[in-house]
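Q: build the 3D model from these lines:
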Amino acid sequence: MDGETTIQELKDKMQAFCEERDWDQFHGAKDLAIGVITEASEILEHFRFKSEEQIVELFANPDKKTAISEEMADVLILLARMAQKYDVDLSEAYRDKMAKNEKKYPVEKAKGSNKKYNEL
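A: Numbering: from 1, shown residues only. Model prediction:
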């Protein structure tokens, strides 16, 4: 479904969901950003103290993969809501950021390296 769903559809669905519940009053930028961090940390909980082999096993287990996927969706929901509320074009922001990353991490310097751009 990723290939069929637009970011705008996600934003519109989130807006309707929140408006039906009168949640605008709770969704300031600060609170949404806190939510992103909170939900992202819930993703991380699944991987804490796990080896790469154990992580592969997590994703092979349908129930565990669903639990991880739900936490990932929570992050996406909050980002979509923030973008919708504050008129951020996520596709444009993504393209702009990737263009900057391509300059910071040129293939000839960054390939196979995990160094930060200022260390390359």
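Q: and the strands in the chain?
A: Counting by DSSP state E, the chain has no strands at all.
Q: domain parsing of it, as residue ranges.
A: Residue ranges for each domain of the chain read 1-88, 89-120, as given by automatic domain parsing.
Q: just put the ones you listed in TSV and tack on mean neighbour count.
A: (Each C-beta comes from the backbone N, C-alpha and C, glycine too.) Formatted as TSV, those follow (neighbours: other Cβ atoms under 10 Å):
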stretch	mean neighbour count
domain 1-88	13
domain 89-120	10
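Q: make CSV from these and add mean pLDDT to it.
A: Formatted as CSV, the domains of the chain follow (pLDDT from 0 to 100):
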stretch, mean pLDDT
domain 1-88, 97
domain 89-120, 95
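Q: where along this structure do the helices fall?
A: According to DSSP state H, the chain carries its helices in the segments 7-20, 29-45, 52-60, 62-85, 90-104, 107-110.
Q: give me the contacts around the first one.
A: Just to be clear, that refers to helix 7-20. 24, 27, 76, 77, 80, 81, 83, 84, 85, 90, 91 (Cβ atoms under 8 Å, 6 or more residues apart in numbering).
Q: could you give the angle of it to helix 90-104?
A: With axes from the mean of the first three to the mean of the last three Cα atoms, to 10 degrees defining the directions, helix 7-20 sits at 130 degrees from helix 90-104.
Q: in PDB, list the C-alpha atoms belonging to helix 7-20.
A: C-alpha atoms of helix 7-20 as PDB (Å, rounded to 0.1, in the frame of the first residue of the first chain):
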ATOM      1  CA  ILE A   7       1.400  11.700   2.200                       C
ATOM      2  CA  GLN A   8      -1.400  14.100   1.700                       C
ATOM      3  CA  GLU A   9      -3.900  11.300   2.200                       C
ATOM      4  CA  LEU A  10      -2.200  10.500   5.500                       C
ATOM      5  CA  LYS A  11      -2.400  14.100   6.600                       C
ATOM      6  CA  ASP A  12      -6.000  14.500   5.600                       C
ATOM      7  CA  LYS A  13      -7.000  11.300   7.400                       C
ATOM      8  CA  MET A  14      -5.200  12.400  10.500                       C
ATOM      9  CA  GLN A  15      -6.800  15.900  10.300                       C
ATOM     10  CA  ALA A  16     -10.300  14.400  10.100                       C
ATOM     11  CA  PHE A  17      -9.600  11.900  12.900                       C
ATOM     12  CA  CYS A  18      -8.400  14.700  15.200                       C
ATOM     13  CA  GLU A  19     -11.100  17.200  14.300                       C
ATOM     14  CA  GLU A  20     -13.800  14.600  15.000                       C
END
